[in-house]
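*Asks:* predicted structure and sequence below. I'll ask about it afterward.
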Amino acid sequence: MSQPDPCLPRSLSAPTAAAGAVCPAPAALASSSVSSPPTVDTNPLMDQSGLPKFSSIDPSHLEPAIESILSDIESKFSEFESSAASASGYDDVLPEVEKIQYPLGYVWGVAGHLNGVKNSPELRKAYEAAQPRVVQTSTKFSQSAALYAALEKLSKEGSSDDADDFAAMQRQRAVEGSLRSMRNSGVGLEGEQKERFNEIRMRMAELTTTFSNNVLDATKEFGLDVTDGDVLEGTPETARAMWATMAAQKINEEKGEDEEKVVPDPVNGPWRITLDGPSYMSTMQHVKDRGVREQIYKAYLTRASDFSSEDKMNNIPLIDEILTLRAEASKILGYSNYAEQSLDGKMAPSVDSVTELSDLVLERALPAARRELQEVTDHAKAFGGEVYASLDKLEPWDITFWSERLREQKFDVTEEELRPYFALPAVLEGLFGLAGRLFDIDIEAAEGQAEVWNEDVSFFHVKDRSTGKHVASFYLDPYSRPADKRGGAWMDVCLGKSKAMGCDVPVAYLTCNGSPPSDGKPSLMTFREVETLFHEAGHGLQHMLTEASEGDVAGINGVEWDAVELPSQFMENWCYDRPTVYGFAKHYETGEPLPEELFEKLRAQRTFNVGMMSCRQLYFGQLDMELHSNYDPASSESIFDVQKRVAAKYVPHTPPLESDRFLCTFGHIFAGGYAAGYYSYKWAEVMSADAFGAFEDVGLENEDAVQEVGRRFRKTVLALGGGVEPMEVYRRFRGREPTPDALLRHNGLV
C-alpha cells in the first residue's frame, strides 16, 4: 500500500554521489514567525488541490494539519473496516484506502521533503511532535485485520486468465504487495508481541530522524578558516571562489543588520573549508597541504560520532539500537534476521545470492584495485618529494589527491579544464535533449507555475512529443546548501499518478548537492556532478513516464528495491555518448564545443581506478548485509569490528583507520531505504549495463535504431512501473534476462 509510513523511505538516492528562469524566492521557512496557530481554514497544508504552497508553508502549520487530518481519516477508515467484508471487488478496497490515506501522505510528504531541503529547528520540533501520531495511524492501517482479510479474498479471486492484461496485472501486484507489506508490518501479531512490535516501530521512527539530524548538524558545525593563501596554492579557481563565499557567509551571519557586509574575495581570502560534498571533494583532490587534507578527512570520517563536540550528536548508540530493534522486530515476524526480511519482496532470493554476485565482481575488481593503488603510490613517490619517497603506503587522505594528479598526467586533462564546458544550464539542455531523443518527450521550463522552497529551485513540465500532452512535472533543486539541506542526491515523489485520486500528471522532486554559482559565474559542474544529475533524472523519468494507473504500483511504487536503480544507472551511461555530450558540452562564455581531444580523454578515463571504486561499492554493500544478517549487537564484537572484518575481504588494500566512523553517517542504511539493500546498486548495475548494451548492439551512431530502442525502453522499463514483475519487464525490453558481461566490459574488468 502507498501508506505514509515514517519508518520507511520515500526517496531514491544516488550512491555514496538555467533551463528556465528561477521562480520568486519564498518566505524563509526557518525564520517565519506566526503569533498564533493557524486555523485549518487558513492552513496551506490543508489545500491539496494541486502543488504544495511552499511560499506560504510555515512549521507551525504542520501539527494543526496533522491533527485535523488524522481525526478525519481515522473516522473514515473505521467506516471502511466495518464494510470491508462485503466489498464486491478491487475498486471497493485499495482505491478506497488510497483515498482515505491521501491527505496524510500529502502533508507528511511535504514535511519530509522540507526536512531534507529546508531544515530548521522549528520544523524539526514540529515534525518530531507530529511523528508519533503519524506512526500510530500508519500502524493502524497496516495492521487492520479487516483490510487484510479483504485483500486475501481479492488475492484468492485473482484469475490467471488476466496474466497478459496490464490493468489486471497492476491490481494483482498491488494486492500481493499490500499483503506482504502488512505481514511485515505485524498484521498477524497479537498480544504482547504486537505491543512490543509497535513500540519498536515508534522508536525506530524517532531514531532514524535523529540520525539524519545529527549528520546534518555535525556537517554544518565544522569549518576550517584559512587566511594564508599559500595553504590553497594550486587549488582551482572554482574551489577558492566556493571557499571564499563560505567565509563571507559566515562572517556576515555574525554581523549586525546595519554593518557593512563582506564580499567574497577568492584571490585574497579569507576562505572557509566545510564538510559539504563539493567542499570536501575539492579539498581531497586539490589541496597540496597534507596536514589540511588529513584534518578535513578525519573531520569528515568522524562526523556524528564519539568524536563529536556534543554527546547528543553521537550516532553510535543510535546505530546499536537500530540494529538491535530491527533484529528483534524481524524475529517477532518469524524471520531469522533483518536481512531475510528485507529480501522478502526483492529480486535477490537470498543473502548468499547477493554475496555470490559481490564475489564474482570482486574476483575481477580486487586485482585491478591493487594495481591501481600501486600505480598511484608510485606516482606520489616519484613526484611528491621527500615526504612521499620514504612512505611504505599512502594514507587515506593522500589517495584521492594523488589519484587526481595521476589522472591529470595519464589523460592530460584536469577537472578544471572540463568545468567550463559543463555549466548547469547547458547540461540541462543536453539532458532534456537526450530524453527527447530516446523517449519522445519535451521538457519545458515552467517559470512561476509552482511555488518553491528556495530561489535556486526551478520547475519544469514534461510533454509527450507526439501528442503535446502534459504528462508530468518536476522540481529541480541543484545546489549544495549545507546550512539547511542534507547531503547527497535523491529523487522523491511530490504527486504520484493515481486513477483513484484522479491524478494523471505525476510530479517529482529532483535534488542534488552540486557546485553552486560563484564569483559571478553559473554553476560549473564537475563531471561526477553531471553523472549524478543524469542518475537522478533516471529515477524521475520512471516516476513521471509511468503508464500504470494504480497508485500502489505507479512509477517507482511497488518496484522491487534491487531493480529500482536500473533507470538511474542506465542514464549515467549516456554521459559518455558522443551525441549526448555534444548536446551540452560547450564553453559557458564562448559557446565553443568541447574540443574533440578532451572528449576522447573524458571517455578514456571512464575506467580510471574502476577497480578501487568497484571494491568500495562491494564493501559498502556487504558491510550493510553483514550488519543485518550475522552481526549480534549483544556480542563483544562492535560495529567497527564488523567494518574491519568486511573491509579485510573487500578493500584489503585500503583498510579503514582506527578512528574511521563512516558508519555514523551511512544514512542509506540507518535513515533511508537501503538497509540490507545497499547491494541493490551493484545488482541493478548488471541490468543497467546490459540495457545500455541494447543500444550498443544497434550502434550508438545509428540514430533511427537508437530512437527505436529508446521508445521500447520507455514502453517497458519506464512505463510499467511496479505493475509487472521486474524480470518480466526486463525480458520485454531486452528479449532475454540480463548477464554481467556488459558490466564487466564497461568497467574494463573483462
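*Replies:* Cool, the structure landed.
*Asks:* could you use CA atoms for every contact and neighbour count after this?
*Replies:* OK.
*Asks:* let me see the contact set for residue 537.
*Replies:* With contacts defined as C-alpha atoms under 8 Å, 6 or more residues apart in numbering, residue 537 is in contact with 491, 510, 568, 571.
*Asks:* can you confirm it is in a strand?
*Replies:* No. Residue 537 sits outside any strand when classified using DSSP: H, G, I helix; E, B strand; the rest coil, being helix.
*Asks:* pLDDT at it, what is it?
*Replies:* Listed pLDDT for residue 537 reads 98.
*Asks:* which of the contacts of residue 537 lies closest to residue 304?
*Replies:* Residue 304 lies nearest to residue 491 out of the contacts of residue 537, by C-alpha to C-alpha, at 24.6 Å.
*Asks:* the closest one: neighbouring residues, count only.
*Replies:* A count of neighbours around residue 491, defined by other C-alpha atoms under 10 Å, yields 25.
*Asks:* likewise residue 82?
*Replies:* For residue 82, the neighbour count with other C-alpha under 10 Å is 11.
*Asks:* list the buried residues for whatever helix or strand it lives in?
*Replies:* In this assignment (DSSP states H and E), residue 82 forms part of helix 62-83. Within helix 62-83, the residues scored as buried using 16 or more other C-alpha atoms under 10 Å are 62-66, 69-70, 73-74, 76-77, 80-81.
*Asks:* can you name the next helix or strand after that helix?
*Replies:* Assigned by DSSP H and E, the successor of helix 62-83 is helix 94-117.
*Asks:* in a strand, residue 475, correct?
*Replies:* Yes. Counting by three-state DSSP, residue 475 is found in a strand.
*Asks:* enumerate every residue touching the closest residue to it other than its chain neighbours.
*Replies:* Sequence neighbours aside, residue 459 is the residue nearest to residue 475 in space, at 4.5 Å (criterion: C-alpha to C-alpha, 6 or more residues apart in numbering). Neighbour list for residue 459: 20, 23, 445, 446, 447, 449, 450, 473, 474, 475, 476 [criterion: C-alpha under 8 Å, 6+ apart].
*Asks:* and if we set it to 7 Å?
*Replies:* Residue 459 makes contact with 445, 446, 447, 450, 474, 475, 476 under the criterion C-alpha atoms under 7 Å, 6 or more residues apart in numbering.
*Asks:* quick one: the helices in the stretch 301-450 of the chain, in order.
*Replies:* Taking DSSP state H, counting those that start in this stretch, the helices of the stretch 301-450 of the chain run over residues 316-332, 338-343, 351-383, 386-389, 396-411, 415-418, 424-439.
*Asks:* so how far is the longest one from its chain's centroid?
*Replies:* Once both centres are worked out by C-alpha atoms, centre = their mean, to the nearest Å, helix 351-383 turns out to sit 25 Å from its chain's centre.
*Asks:* now the angle from it to helix 396-411?
*Replies:* If you take axes from the mean of the first three to the mean of the last three C-alpha atoms, to 10 degrees, helix 351-383 sits at 70 degrees to helix 396-411.
*Asks:* same question for the last one.
*Replies:* Using the same axes, to 10 degrees, the direction of helix 424-439 lies 70 degrees away from that of helix 396-411.
*Asks:* ditto for the first one
*Replies:* Angle of helix 316-332 versus helix 396-411, following the same axes, to 10 degrees, is 90 degrees.
*Asks:* what residues sit buried inside the strand or helix carrying residue 580?
*Replies:* Assigning secondary structure by DSSP H and E places residue 580 in helix 578-581. Using 16+ other C-alpha under 10 Å as the test for burial, helix 578-581 gives 579, 580, 581.
*Asks:* closest to residue 186 out of the helices of the stretch 301-450 of the chain?
*Replies:* helix 316-332 (8.6 Å).
*Asks:* show me what the closest one is packed against.
*Replies:* Identification of packing neighbours for helix 316-332 by 3 or more C-alpha pairs under 7 Å, 6 or more residues apart in numbering; DSSP states H and E yields helix 191-221, helix 338-343.
*Asks:* kindly export stretch 328-348 (C-alpha atoms) in CSV.
*Replies:* C-alpha atoms of stretch 328-348 as CSV (Å, rounded to 0.1, in the frame of the first residue of the first chain):
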residue,chain,number,x,y,z
GLU,A,328,14.1,-8.1,17.3
ALA,A,329,11.2,-7.0,15.1
SER,A,330,12.3,-9.4,12.3
LYS,A,331,12.3,-12.3,14.7
ILE,A,332,8.9,-11.4,16.1
LEU,A,333,7.7,-11.6,12.5
GLY,A,334,9.3,-15.1,12.1
TYR,A,335,12.4,-14.2,10.1
SER,A,336,15.9,-15.3,11.1
ASN,A,337,17.3,-11.8,10.8
TYR,A,338,16.5,-8.4,9.3
ALA,A,339,18.3,-9.2,6.0
GLU,A,340,16.0,-12.1,5.4
GLN,A,341,13.0,-9.8,5.9
SER,A,342,14.5,-7.1,3.7
LEU,A,343,15.0,-9.6,0.8
ASP,A,344,11.3,-10.7,1.1
GLY,A,345,10.0,-8.7,-1.9
LYS,A,346,13.3,-8.1,-3.6
MET,A,347,14.7,-9.8,-6.7
ALA,A,348,17.7,-11.3,-4.9
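*Asks:* and the buried ones among the contacts of residue 537, selectable in ChimeraX?
*Replies:* Selection of buried members from these for ChimeraX, criterion 16+ other C-alpha under 10 Å:
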select :491,510,568,571
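*Asks:* between the contacts of residue 537, which sits nearest residue 362?
*Replies:* Among the contacts of residue 537, and counting by C-alpha to C-alpha, the member closest to residue 362 is residue 568, at 22.8 Å.
*Asks:* show the pLDDT at that closest one.
*Replies:* 97.
*Asks:* show me what contacts it?
*Replies:* Residue 568 touches 535, 536, 537, 538, 539, counting by C-alpha under 7 Å, 6+ apart.
*Asks:* state the phi and psi torsions of residue 508.
*Replies:* Main-chain dihedrals, residue 508, degrees, to the nearest 10: phi -120, psi 160.
*Asks:* make residue 1 into 277 and carry on from there
*Replies:* In the new numbering, first residue 277, that becomes residue 784.
*Asks:* that one and residue 997: what is the separation?
*Replies:* 15 Å (C-alpha to C-alpha, to the nearest Å).
*Asks:* looking at the contacts of residue 813, spot the one nearest residue 541.
*Replies:* Nearest to residue 541 among the contacts of residue 813, with distances taken as C-alpha to C-alpha, is residue 786, at 31.6 Å.
*Asks:* so that closest one touches residue 749, yeah?
*Replies:* No. Counting by C-alpha atoms under 7 Å, residue 786 sits too far from residue 749 to count as a contact (10.7 Å).
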